Every structure is written in structure tokens, then in C-alpha cells.
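**Student:** could you look at this predicted model? Sequence included:
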Amino acid sequence: MTVLQRPDTTEGADRAQAPSTRDPGVSLGRLLKLATAAFAGAVCVLLGTLAIAVPTVITWLAEERSTASFWQSIGAAIDLWALAHRAQVQVPGADVVLAPLLLTALMVGICWYAASQVVVNRDDLVARVPIIGGWRSAWHALGGQAASAFVVGYLLAGLLLAHTASFGLAPVRLVSLVPGAVLVPSVGIVLVWWALHRKDQHPAVDAGLRWAKAHTPVLVSRGIPAALHVLVGLSVACFLLVFGLLLIRGERVLSLYATLDAGIVGTTVLTGTQLLALPNYLVWALSWLTGAGLSVGTVHIGWTGSTAGDLPLLPVLGALPEPGAMPPGLFGLALIPVLAGCWLGYQAVRSTSRLSNWWTKAKVALFATLVVGLAALLLGWLATGGLTPGLLGTIGVNPWLMASLLSLEVGAGALLTVSVLHLTGARVGFGGRRAMLRGQQD
């Protein structure tokens, strides 16, 4: 009897069950999903505007001394939405640019929630692990097409909304809105991917991210976590600096409130507006720590002193030092970024093998330093604005100078730590981990 060999169909069955991530082509269902994602991006613009317009209208109703009309208050809300995306708003005789970053963070949070509903929650890729054969299939698994449609919908709706402000007293320069209107929803989508990767509950996203991680250079995968640690540590240090300065200068800040005599509603609005710029103050404090200083119009505050000039009548600016020389030795505050660099260097050595050469460890530290510098450059650009033309042309920092000095200080601390740990052969790398595991097994 002849025995017929039956082919093994197990692998074929598995592949039949696994959803394909190839480009499905143009279809009505696909177009509907993309249209839904774009519509969700447009809805985020509407929700963000409502989050500003509702308290604005309530304030307009509560403030008896207000001379603005209802539509002017709505126009002010649209202008504030545009400012949150670092757009230029044209007031009579000047252009205003100043993004309250806490409000920007609110817009990112709205996009984060909406993107989690329409970008990755897809019926065809929720239950099973897709087959990842290249960057196209990985992009499809991550919902990349829906993510792109989401960003485009947000951008177009934002431009349309900002265009309506051109009929009011303070029109928005539409071109200046484009970078922020792309950045905000993009950050929201990245946060969705990161959150799903942490939870490890979405098969398609996890498969796409695993492919991306497998094809990411080791230098990047080791350097970015260390850079994030440094940025969080510097944020805490800057918050403590700002909080301490407000406590020390609290009496002067309160005296400015009394001078303004804005009433209960006006004082509440003024305080809330200043709180929205809290992340801006942290970036300004970071610039001062690095030695780049900060500027408010013609006033410049550095390590050595503060120049004289006129300041806007905002109570929070009362925390700035008086014109004149600063106490000696403030340059020692540069040790904070240097110490942050030492921690970065420790993380760089810890992420590499103990037997790796010095240059391998230094490359991780230098790449992480570059990430810190680029993040500082972006944050400095976002946190800085002004009123041009005029004496208040710059309110904030010099992003390039701050990023350069921070990179030098963090890089110096990182390379010093890498060199010391490498020469001493400290067990902070994989060798130390293996020893710990052997001890647990014993």
C-alpha cells in the first residue's frame, strides 16, 4: 500500500487566522474609517475651542465692567486656542505670540483620548496578532493611515476655525498655525501608542511596535530612556526653583494684585491665565540654570545680574529679581544640569555590557545628550513668544543658546561619569545583573 504524505496545514491555518496587514486598497469601508478619523480630529478642535469658550463666556457674563460683545468674547476664545498652538495673532499695530503650555497640554490630552478611540480600535486588528512583513504592514498595524487622517482633519478644522477670527478684531496668521496644529495631534497619537505598549493589551499595536523596536538602532533604544529620565529630573528641579522664588517674592506678587484692583472676577481670570503658563516658567527657569538667562522685553536676567526695563503689569513677574547685581556664586547652579548628566552617564553605562569599550558607552551617553538638547530646543521655542514690533519683542528664552549650553553641561557630566565607571570597572551593566540573578538562583 502506498502511503500518501499529507502536508502539514498547521502553519497555513495559523496564517489564515492571523489578519493580514497588507494594503487593502481603496474600498468604501476603508474610506469610511479614514473619514471617521479625520472627523474625530475636527471634533477635537471643536472640543478644545469649547473648553476655552465656555469659561470665557461665563467670565464675560459675570464681569459687569466688560465692554466687549458676545461675539468679541468668542473671537477672543478662538484667538486663545490659536495661541495655545503657538500661532501669531494680529492685534492693532502688533503680532502676539505666546503659547500657554498648560493649555497646549489640554489640547494634547483631548487628541490623546480621541485618537485612542478611532486610530487603533479597529475591528480587523483588535483580537489577533497580525503578520508583520515590513514597514508598510507595521504602519498598517499601528493604524498609521487613520492617524494621518486624524492629523489632517485636525489641521484643516483648525485652519477653518482660525479663519473665522479674521472677521474680528484680532485675526490669526494661518501659516503660523500649521506647525502647532500638526504637532499637537501627532503628540497625542504617539502617547496613545506608548500607553498601549505599556499595557500590552493591543495585539496589533504591540506587533507593530515590536517590529519598529527590532529595526531601531540599539543606540536609540538605549539613549532615549536615559534622556527621558534626565528631562523629568530637570523638570522637578525647575519646579522647585519657581515655587521657591514665588514664596520668597510672594509679598511683592500680592502687592501687584492690590495695585491692579481687578475685582473678584478679574483677579480669578488673571490668576488662571498665569497658571496656564506654569510650564513656560519651568522652561525659563531651566534656561536660567544653564546660564542662558531669560528675557522679558528689555529686561534680561542672568547669573550676574538683572537689567533695568519696563515689565508688563502681571503679578507673577513680580517674582523676578530687582535690577542690579546678583549674589555671587550663582554660576554654581550649573551643577544641576551637570549632575543630571552624571545620572545620564550612569544609565548609559548600565544599559551596555560591562565588557563594552569606552566608546560604545560614550555613544549612548552622547546620543541621549543630543535628545535632551533637541527637547530643550523644542520646549524653548514653544515657551517663548513676544509682542512685535515693540519693547516686548522677546518674552522667554533664546532656544538655541539654552539648548546648546544644556547639551554642553549634560554632556560633560555624562562623559565624566562614563569615563570614571569604565576605568574603575564598576558593576552597573549586564555583568552586575547576571551576578544578581545567580545570587537569586543560589
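**Tutor:** Here it is on my side, so go on. Note that the structure is predicted; figures quoted are calculated from it, not measured.

**Student:** give the buried residues for the helix or strand hosting Gly208.
**Tutor:** Of the helices and strands defined by DSSP states H and E, Gly208 is found in helix 203-214. Judged by neighbour count (16 or more other C-beta atoms under 10 Å), helix 203-214 contains these buried residues: Pro203, Ala204, Val205, Asp206, Ala207, Gly208, Leu209, Trp211, Ala212. For every residue, glycine as well, the C-beta is placed using N, CA and C.

**Student:** for the closest residue to Ala383 other than its chain neighbours, give its distance to Leu234.
**Tutor:** Counting by C-beta to C-beta, 6 or more residues apart in numbering, Val283 is the residue found nearest to Ala383 once chain neighbours are left out, at 3.8 Å. When C-beta to C-beta, to the nearest Å is the yardstick, Val283 and Leu234 sit 10 Å from each other.

**Student:** got it, and Val187?
**Tutor:** From Val187 over to Leu234 the distance is 19 Å, taken as C-beta to C-beta.

**Student:** for the protein, which spans come out with low pLDDT?
**Tutor:** Across the chain, residues meeting the criterion (pLDDT under 70) sit at 1-27, 29, 64-66, 121-130, 200-201, 426-442.

**Student:** now the strands for it?
**Tutor:** Under the criterion DSSP state E, the chain carries strands at the ranges 89-91, 94-97, 294-296, 299-301, 305-306, 324-325, 386-388, 395-396.

**Student:** adding distance to Phe39, write the ones you listed out as JSON lines.
**Tutor:** Supplementary listing: the strands of the chain in JSON lines, determined by distance: least, C-beta to C-beta, whole Å:
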{"stretch": "strand 89-91", "distance to Phe39": "27"}
{"stretch": "strand 94-97", "distance to Phe39": "30"}
{"stretch": "strand 294-296", "distance to Phe39": "41"}
{"stretch": "strand 299-301", "distance to Phe39": "46"}
{"stretch": "strand 305-306", "distance to Phe39": "51"}
{"stretch": "strand 324-325", "distance to Phe39": "57"}
{"stretch": "strand 386-388", "distance to Phe39": "36"}
{"stretch": "strand 395-396", "distance to Phe39": "36"}
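
**Student:** could I get those in a markdown table, plus columns for mean neighbour count and distance to Cys238?
**Tutor:** Converted to a markdown table, the strands of the chain look like this (neighbours: other C-beta atoms under 10 Å; distance: least, C-beta to C-beta, whole Å):
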| stretch | mean neighbour count | distance to Cys238 |
| --- | --- | --- |
| strand 89-91 | 17 | 27 |
| strand 94-97 | 18 | 22 |
| strand 294-296 | 23 | 12 |
| strand 299-301 | 18 | 14 |
| strand 305-306 | 16 | 18 |
| strand 324-325 | 9 | 23 |
| strand 386-388 | 17 | 21 |
| strand 395-396 | 24 | 14 |
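
**Student:** out of those, which is closest to Leu339?
**Tutor:** Between Leu339 and the strands of the chain, the shortest separation by C-beta to C-beta is 21.5 Å, and it involves strand 294-296.

**Student:** and that closest one, what other elements does it pack with?
**Tutor:** Counting contacts by 3 or more C-beta pairs under 8 Å, 6 or more residues apart in numbering; DSSP states H and E, strand 294-296 packs against helix 278-290, strand 299-301, strand 395-396.

**Student:** ok, and what's touching it?
**Tutor:** Contact partners of strand 294-296, identified using C-beta atoms under 8 Å, 6 or more residues apart in numbering, comprise 284, 287-288, 300-301, 309, 311-312, 317, 320, 392, 394-398.

**Student:** go again using 10 Å as the cut-off
**Tutor:** Under the criterion C-beta atoms under 10 Å, 6 or more residues apart in numbering, residues 281, 283-288, 300-302, 307, 309-312, 314, 317, 320, 383-384, 386, 391-398, 402 lie in contact with strand 294-296.

**Student:** weed out the non-buried ones from these.
**Tutor:** If you count burial by 16+ other C-beta under 10 Å, the buried members of the contacts of strand 294-296 come out as 281, 283-288, 301-302, 311, 317, 320, 383-384, 386, 392, 394-398, 402.

**Student:** for Ala68, find the nearest of the helices and strands packed on strand 294-296.
**Tutor:** Proximity to Ala68 (C-beta to C-beta) singles out strand 395-396 among the helices and strands packed on strand 294-296, at 24.1 Å.

**Student:** and the contacts of the closest one?
**Tutor:** Applying C-beta under 10 Å, 6+ apart, the external contacts of strand 395-396 come out as 96-99, 277, 280-281, 283-284, 287, 294-297, 299, 311-312, 317, 380-387, 402.

**Student:** and stretch 265-276, what's buried?
**Tutor:** Across stretch 265-276, burial judged by 16+ other C-beta under 10 Å covers Val265, Gly266, Val269, Leu270, Gln274, Leu276.

**Student:** what's the closest of the residues you listed to Leu32?
**Tutor:** Proximity of these to Leu32 was ranked by C-beta to C-beta; the top entry is Leu276 with 37.7 Å.

**Student:** tell me how far the residue nearest to that closest one when sequence neighbours are not counted lies from Leu416.
**Tutor:** Nearest in space to Leu276, with sequence neighbours left out and distances taken as C-beta to C-beta, 6+ apart, is Pro100 at 3.7 Å. From Pro100 across to Leu416, the span is 38 Å (C-beta to C-beta).

**Student:** and if you look at Leu156?
**Tutor:** 50 Å.

**Student:** again with Leu228
**Tutor:** Using C-beta to C-beta, one gets 21 Å for the distance from Leu228 to Leu416.

**Student:** with distance to Ile110 added, can I get the buried residues of stretch 265-276 in TSV?
**Tutor:** What follows is the buried residues of stretch 265-276, written out as TSV (distance: C-beta to C-beta, whole Å):
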residue	distance to Ile110
Val265	26
Gly266	28
Val269	22
Leu270	25
Gln274	22
Leu276	15
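
**Student:** pretty sure Thr268 contacts Thr59?
**Tutor:** Yes. Distance between Thr268 and Thr59: 8.1 Å, which falls inside the contact criterion (C-beta atoms under 10 Å).
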